Each structure stands twice: as C-alpha cells, then as structure tokens.
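Student: one predicted model, sequence on top.
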Amino acid sequence: SRPSTTSSWRSTKPPAPRCCTAAPRAAAGAAAGLCGAAGCVLTSWWAGLVPPLTAQALGLPVHAGAGLGPAQWAAYAGAGALGLFGFGGLARGRTGRAWVLGLFGRYRGTVRRTGLMWVNPLLLRRRVDVRLRHWRSEPMPAADGNGVALRAVMLVVWRVRDTARATLGVEDHETYLRECVEAALARVPVEPLGTVRSSADLAGDTLTRLVAADAAPVGLEVFSVRPVRVEYAPEVAAAMHRRRIAALDAAQRASVLTSVVDSVEDTVTRLTVRGLVELDDYERKVLVKDLTVAFCAGRGETGV
C-alpha cells in the first residue's frame, strides 16, 4: 500500500512511491534481514571460521572450511547487503509523528502510519511533530492605540499541517512564528491587560488572522495568538503609572463634587419647599456655600 502523503512541495503532486509498507511487508523486511544474518553465518561456516562447538550448537556439521576466497567474500557481501536492506528499513511509527521522505534532495512523500512498518532504507527520513503545540514568546515590543510603548508576551497555538512545506520551506518553526508575531504586533495596537477586555479580545482575533495568513504558505496552521501579559515598557512605565493615578484621583474628585452638589441642592430645595425658611438670593448663596463646605469637610473626614 502507498503511504499517506500531504500536498507536494511543488504545485503538481508526484505519484507516491512504494517506499513504505505496513505490517505484512514489515515482516518480509524482517525475514530478509534474518536471511542475510543467516547467510553471513553460513558463509563463515563455509570458510571454516565457526568453531566446532559453535557449529554443533547451531546444528551444523563440523567443516574444515575452504578459507576466505573470492567466493566467500562475494557471499559475505550479498548476505550483508540483504541483512542491511531488510533490517535497515524497519521503523516504528508513532501517533503525532510523521516522516518526511526524500531521495537525493527530492521530496518523495510523507509517512503518517503508526506501528511497525518498512521504509526504503535508501530514503532520507526527517521526523516531524504534527501534534498541537503551544509556543510562549519572550516580551516583544508593541504599542497601544496612542503609540505608547508596551511589552507583550504572546501565546501561540499551532501545529504543522503540510509536512512537506514546513520541513523544506522553514528551518526553525518557532523563529518563523516569532517573526510573524512581531510583524503583526507592529500593525495591531494592544492594550494592557485589565483595562479593556473587549479591546484585548479584538486585538487577539486580529493577530490570529494576520499570523495565520503569514504562516499558511509554509505549512503551519495557527489556531490562536493571544497576549498573556501586556505591560508598559520600562522607559514609560513610571510616567504611565503616575498618569493613571492622576486620572483615578480626578475621577474620584469629580464623583465627590457631584455628590456634594446633589446633596446641597436637595437640602436647599427641601428647606424652601416646606416653608421652613425664606431666603433671598444673597442668603441662598451663603447657605449653599456653607453647606458645600460642611459636606466636603464631612466627606474628607470619613474618607469617602
């Protein structure tokens, strides 16, 4: 049977060679290797190199031997070649692993079978991991929507989809992914985590789409590109921390002032509506001023 193959490195897929077989021919390969080993033993007995006790243990008659001549060397070469060809082609396929086969620099197919098999020993085998993998990057330069420098740690979920392209087109997959992620971060603004979650999710979706498009031509399938840690760059971290504290303080002050104004308005309205006091414009302004100072002082003492 023919090996399962991915799309060829070229635009036209070459016919898959009969370079890999399953268990039946794996047994034939093992039998060929045993025949070669047995041929070497018989040639040694023929040349008289097997001790008598060993020959009797192997069930062979005692033979004086004809010595090592051209015929014996030819028999050694044939039996050795048969043994090497038989045993050298035996291989074990594992789940989540594949072999990319090549002959003199030409792509000859991909083997994804599991279990014992026989592969033509003349072919060059390259093992490829086709399982789902996670790659966590080192801090990479990024920027938010305002152009402020950030450092982002990205988590990329990916796998090898086209073994031929991934093996022949890229030497180091993680290095290629790092370059793709850095190029995408230069085009997509990100926000520090914990600020705006919807913006972070949108940035992750955009990064995933860009990196997947860049990685597809070399046979890599990218499922997700997400920031797991985003923080300000060291040169702007202190300034942005002070800016955030100032913004929080301004928001707190605005909230306190709004609450005080509402309280003063409610108090003055209730006093005048119920007829408890009659105030002209000057007295109303004085009362508003005194109540405002009192409420602000009271909130400052309670820490609200």
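Tutor: Received, thanks.
Student: can you give me the buried ones in stretch 42-52?
Tutor: Neighbour-count burial for stretch 42-52 flags 43-48, 50 (criterion: 16 or more other CB atoms under 10 Å). Heads up, the C-betas are built off the backbone N, CA and C, glycines and all.
Student: quick check: the two most widely separated of those?
Tutor: Greatest spatial distance among the buried residues of stretch 42-52 (CB to CB): T43 and G48, at 10.7 Å.
Student: of the buried residues of stretch 42-52, which belong to helices?
Tutor: If you go by DSSP state H, these have 43-46 in helices.
Student: of those, closest to L58?
Tutor: Using CB to CB, those come closest to L58 at W45, 7.8 Å.
Student: quick check: the closest one touching L60?
Tutor: Yes - W45 lies in contact with L60 (CB atoms under 8 Å); the separation is 5.4 Å.
Student: assess the claim that A75 and W46 are in contact.
Tutor: Yes - counting by CB under 8 Å, A75 touches W46, with 7.2 Å between them.
Student: returning to what we had before: would you turn the ones in helices among the buried residues of stretch 42-52 into a markdown table with distance to D162 and pLDDT?
Tutor: As requested, those are exported to a markdown table (distance: CB to CB, whole Å; pLDDT from 0 to 100):
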| residue | distance to D162 | pLDDT |
| --- | --- | --- |
| T43 | 47 | 79 |
| S44 | 49 | 79 |
| W45 | 52 | 73 |
| W46 | 52 | 75 |
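Student: how about those residues in a markdown table, adding distance to P234?
Tutor: Below are these laid out as a markdown table (distance: CB to CB, whole Å):
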| residue | distance to P234 |
| --- | --- |
| T43 | 74 |
| S44 | 73 |
| W45 | 78 |
| W46 | 79 |
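Student: tell me the one among those residues nearest to L220.
Tutor: Of all those, T43 has the smallest distance to L220: 51.4 Å, by CB to CB.
Student: who are the neighbours in contact with that closest one?
Tutor: Contacts for T43 (CB atoms under 8 Å, 6 or more residues apart in numbering) come out as 72, 75-76, 79.
Student: repeat that for 6 Å
Tutor: T43 makes contact with 72, 75-76, according to CB atoms under 6 Å, 6 or more residues apart in numbering.
Student: repeat for V50
Tutor: Going by CB under 6 Å, 6+ apart, V50 touches S44.
Student: now do it against R151, distance only.
Tutor: 72 Å (CB to CB, to the nearest Å).
Student: ok, W158 next?
Tutor: 22 Å.
Student: more neighbours: the two, which one.
Tutor: More crowded of W158 and R151, by other CB atoms under 10 Å: W158, with 21 against 17.
Student: got the phi and psi for the more buried one?
Tutor: Main-chain dihedrals, W158, degrees, to the nearest 10: phi -150, psi 170.
Student: now the strands for the chain?
Tutor: For the chain, the strands defined by DSSP state E cover 20-21, 90-93, 97-103, 106-111, 115-119, 124-129, 133-136, 140-143, 149-160, 220-232.
Student: now for the last one, which elements pack on it?
Tutor: Okay, so that is strand 220-232. With contacts defined as 3 or more CB pairs under 6 Å, 6 or more residues apart in numbering; DSSP states H and E, the packing partners of strand 220-232 are strand 149-160, helix 197-215.
Student: out of the ones you listed, indicate the one that is most buried.
Tutor: Neighbour counts (mean count of other CB atoms under 10 Å) averaged over each of the helices and strands packed on strand 220-232 peak at strand 149-160, with a mean of 20.
Student: and it, what does it pack onto?
Tutor: Using 3+ CB pairs under 6 Å, 6+ apart, strand 149-160 sits against strand 133-136, strand 140-143, strand 220-232.
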